[in-house]
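S.K.: sharing a model prediction with you, sequence too.
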Amino acid sequence: MRYDLVVLFEHPEWQKPLWAALERHGVHYAALDLKRAAFDPDAVPEAALYFNQASPSAYLRDNTRAVPLALSLMRSLELKGARVLNGSRAFLLELSKSAQAALLGQLEIPHPRSLVFNDPQKALAQWTGGWPALLKPEQGGSGARMFLLNSAEELGRLLRDQPNLWLPDHLLLLQQYFPVDAAQGIVRMEFLGGELLYAMRVISHGAFNLCPSEACNPDSGELRCATPAASAKPVEFSPYKEVPPEAVESGRRIMAAGGLDVGGIEYLEAGAGEKVFYDVNANSNLRLPIGQAFGFNPFERVVNYLKGEIERSRPSS
């Protein structure tokens, strides 16, 4: 093997803290940029371990080609017996909000009612979730192309005036809307190797882009990632040290059932204290200040986990 680790990535700014931690630990790794890449299926694998950090939001950065190449490469690696963290199974789940809804339903975890469609008239004829409702892309990421709609007429006008909303895969979802306490926001739990790394509350002030990476939502409030919903205030992230054990257990079950090694699970608090889970993220953009509030560097934790997985993945002599 030429490397101990190969990291598949598309957004270099998101990866800088990981590169720095890997270099501090002396890990012999390679970074494979999925934006411009080629691979020979007969020549892989080249490493003891692969770590997928591809994002479904690549198309927002004119990097649409990164997603199918990542999926094709991971399938080839897995067929050759390579260990791929957040591999094709996890990535397919992240690419499909309908699959996420189906998984949550299978696990009997509360989640919003959803309807997937490629024809708005068919969707309106079948939609029973009421209004307002959320419009989301099947392949989402970074809050892209999400809208809060108050009527069927708004949906018709929106799709007439913005036909590019059908990209990249020509599938959309109507999803049941749950109002949340603006002062409490939503909860995002980060998991590493099946265990909770940390939890945080996220207050959006009306924005949909809740990307936790400091490259997208820095504490300075300067928004650096594209978002479809302007907000008067920056998104706020705060450590949530009292996350309920039952929420953590639901997150663990989602991670295990979805085949995720590293990831973020999001839920909101509806009426009567009900926790409604709505988003599964295989690309876990960690936030250094949140980890530090818990007393550790989250990227150091990730690298220690990767080092253990490298040893597990080495061929036995």
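M.R.: Ah, there it is.
S.K.: quick one, helices of the stretch 201-317 of the chain?
M.R.: For the stretch 201-317 of the chain, the helices defined by DSSP state H, counting those that start in this stretch cover 245-258, 288-293, 298-313.
S.K.: let's have the ones you listed in JSON lines, adding distance to Arg89, mean pLDDT and mean neighbour count.
M.R.: From N, CA and C alone the C-beta is placed, and that goes for glycine too. Shown next, in JSON lines, are these (distance: least, C-beta to C-beta, whole Å; pLDDT from 0 to 100; neighbours: other C-beta atoms under 10 Å):
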{"stretch": "helix 245-258", "distance to Arg89": "7", "mean pLDDT": "98", "mean neighbour count": "17"}
{"stretch": "helix 288-293", "distance to Arg89": "27", "mean pLDDT": "96", "mean neighbour count": "16"}
{"stretch": "helix 298-313", "distance to Arg89": "16", "mean pLDDT": "97", "mean neighbour count": "18"}
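S.K.: any chance of these in CSV, plus distance to Ile265?
M.R.: Shown next, in CSV, are those (distance: least, C-beta to C-beta, whole Å):
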stretch, distance to Ile265
helix 245-258, 4
helix 288-293, 15
helix 298-313, 16
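S.K.: what's the closest of those helices to Ser213?
M.R.: Closest to Ser213 of the helices of the stretch 201-317 of the chain is helix 288-293 (C-beta to C-beta; 9.8 Å).
S.K.: rewinding a little: and of the helices of the stretch 201-317 of the chain, who's closest to Ser204?
M.R.: Proximity of the helices of the stretch 201-317 of the chain to Ser204 was assessed by C-beta to C-beta; the nearest stretch is helix 288-293, lying at 15.8 Å.
S.K.: what does that closest one rub up against?
M.R.: For helix 288-293, contacts defined as C-beta atoms under 8 Å, 6 or more residues apart in numbering pick out 17, 197-198, 200, 212, 214, 219, 237-239, 297-299, 301.
S.K.: where exactly do the strands run in the chain?
M.R.: In the chain, the strands defined using DSSP state E lie at 3-9, 29-33, 47-52, 83-85, 114-117, 133-137, 147-149, 172-176, 186-192, 195-203, 236-239, 262-269, 275-281.
S.K.: tell me which of these is the most buried.
M.R.: Highest mean neighbour count among the strands of the chain (mean count of other C-beta atoms under 10 Å): strand 47-52, with a mean of 25.
S.K.: relative to strand 262-269, how tilted is that strand?
M.R.: Interaxial angle, strand 47-52 versus strand 262-269 (axes from the mean of the first three to the mean of the last three C-alpha atoms, to 10 degrees): 30 degrees.
S.K.: can you list the strands that strand 47-52 pairs with?
M.R.: Using DSSP bridges, strand 47-52 pairs in its sheet with strand 3-9 (parallel), strand 83-85 (parallel).
S.K.: let me have the strands of the chain in CSV, adding distance to Arg75 and mean pLDDT as columns.
M.R.: Shown next, in CSV, are the strands of the chain (distance: least, C-beta to C-beta, whole Å; pLDDT from 0 to 100):
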stretch, distance to Arg75, mean pLDDT
strand 3-9, 13, 97
strand 29-33, 15, 97
strand 47-52, 12, 96
strand 83-85, 9, 97
strand 114-117, 24, 98
strand 133-137, 23, 96
strand 147-149, 33, 96
strand 172-176, 25, 97
strand 186-192, 24, 97
strand 195-203, 28, 97
strand 236-239, 34, 96
strand 262-269, 19, 97
strand 275-281, 20, 96
